[in-house]
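Asks: the following block contains a protein sequence and its predicted model.
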Amino acid sequence: MSLKQPRFVCMTPIRNEAKILDRFLECTSLWANNIIISDQCSEDNSKEIAGGYPKVTLVENFEKEYNEKQVRQILIDEARKIKGPKIIFAIDADEILTPEILQEAELEKFYSEAPGTVFMANFVNICPDMKYYWNGPLKLPVAFYDDGISQFEAEKIHTFRNVCPKNAVKVNLNNPVIMHFQFTDWERMESKHRWYQCWERVNNPKKSAIEIYRGYHHMYSISQDEMHDIPDFWFEEYKNMGININTVNKDSNYYWDKTVLNYFDTYGTDFFKREAIWNINWVEKASCYKYENSERFVDPRSKFQKHIHEWLKKTQADYNKLSVRIVSKLLKLLFKQ
């Protein structure tokens, strides 16, 4: 790397990512000069895995509560300790950049820009069969050519991952693409989305249960027309380098389930009866985690509430239709208790 070329610094928060972390770090180590990992109280061996990669700097985050702004700020502060020009990438552990990031022609697109530039990348969701993908709703600010002064602005959840000044020059990249592997382990994804819904109820208690449902069940409304073949190049190039990225290390225990049980412990199950999180047996889960009196975690929903959830499920693919929107508006008034 010449003196004129900036370093590539990747920032990634983790929490109990042992099942997927090796794959991420093997791929990312191919192109990143530095990898900043912030671990938030992992209970598995994520920290040990991260520590085994020479490019990794591990920062511990002892904050118990989920706060994306705080998590990302820790990473940005650490990345900015690295001297010299740098382009800071924000990529999660269940994401991998397509192999174009290793090509000189693609790298020149980054090198040719000035500090303060934001690089926008396409975001695609890999299907469980590893044969197809569907596009995310928008491009993500995958990288920022650090100017050393722009501040990070964000919310507590579903927010910008990186510095992204309002008036910054934005470069739209065709390649590389961000491959999102969350949906390749469907049960893991469902566990995370159950937790998301509970987090919303606790932190945004006035938010409509209908709105929460629609926001966290979008993956059930993807049509066949939205599916695209995964280019062989995306997986094969990594395989040629000895990295098999199209494997899934599944587990039946996900820490989000325990977090939801802790919510039940604190707020009671009635507080969450409007959320569509009752597709698993929480009594059995509580017994597995050795909670006392696990029967208190039984499904608290009335027949009416169960019918509402069934209707939401059936109409998810058509939620933008006028008739569905009208009914949804009425339900927002009725479905408050």
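Replies: That came through, no problem.
Asks: ok, the residue lying closest to Thr117 once chain neighbours are set aside to Gly116 distance?
Replies: Among residues not flanking Thr117 along the chain, Tyr145 sits closest, at 4.4 Å (CB to CB, 6 or more residues apart in numbering). For every residue, glycine as well, the C-beta is placed using N, CA and C. The gap separating Tyr145 from Gly116 is 6 Å, by CB to CB, to the nearest Å.
Asks: so which of those two has more stuff around it?
Replies: Tyr145 (22 against 17; other CB atoms under 10 Å).
Asks: give me the phi and psi angles of that one.
Replies: Backbone torsions of Tyr145, given as degrees, to the nearest 10, read phi -80, psi 100.
Asks: just give me the neighbour total for His202.
Replies: No His there; residue 202 is Val. Residues near Val202, counting by other CB under 10 Å: 13.
Asks: quick check, it in a strand?
Replies: No. Per DSSP: H, G, I helix; E, B strand; the rest coil, Val202 lies outside any strand segment and is helix.
Asks: so what's it up against?
Replies: Val202 makes contact with 263, 267 under the criterion CB atoms under 8 Å, 6 or more residues apart in numbering.
Asks: and Glu95, by the same measure?
Replies: 24, 178-181.
Asks: state the distance from Lys83 to Asp146.
Replies: 11 Å.
Asks: those two: which is more packed in?
Replies: Comparing Lys83 with Asp146 by other CB under 10 Å, the one with more neighbours is Asp146, at 24 against 7.
Asks: buried stuff in the lowest-mean-pLDDT helix or strand in the chain?
Replies: Least confident element among the helices and strands of the chain, by mean pLDDT, DSSP states H and E: helix 322-334 (a mean of 90). Buried residues in helix 322-334, counted by 16 or more other CB atoms under 10 Å: 324, 328, 331.
Asks: skipping adjacent residues, who's closest to the first one in space?
Replies: Nearest residue to Val324 in three dimensions, chain neighbours excluded: Thr315, at 4.9 Å (CB to CB, 6+ apart).
Asks: which residues of the stretch 51-200 of the chain fall in strands?
Replies: Secondary structure of the stretch 51-200 of the chain, counting by DSSP state E, counting those that start in this stretch: strands at 56-60, 86-90, 95-97, 118-121, 123-126, 132-135, 140-145, 170-172, 178-180.
Asks: of all those strands, which lies closest to Phe110?
Replies: Minimum separation from Phe110 across those (CB to CB) falls at strand 86-90, 5.6 Å.
Asks: packing partners of that closest one?
Replies: strand 7-14, helix 68-79, strand 140-145 (3 or more CB pairs under 8 Å, 6 or more residues apart in numbering; DSSP states H and E).
Asks: please state the offset of the first one from the chain centre?
Replies: The one in question is strand 7-14. 15 Å (CA atoms, centre = their mean, to the nearest Å).
Asks: contacts for that strand, please.
Replies: Counting by CB under 8 Å, 6+ apart, 1, 21, 24, 28, 31-40, 42, 46, 50, 61, 71-72, 75-76, 78-79, 82, 84-93, 110, 161-162 sit against strand 7-14.
Asks: again, but for the second one
Replies: By CB under 8 Å, 6+ apart, the list of residues contacting helix 68-79 from outside reads 9, 11-13, 34, 36, 38, 40, 57, 59, 61, 63, 86, 88, 90, 146, 152, 154-163.
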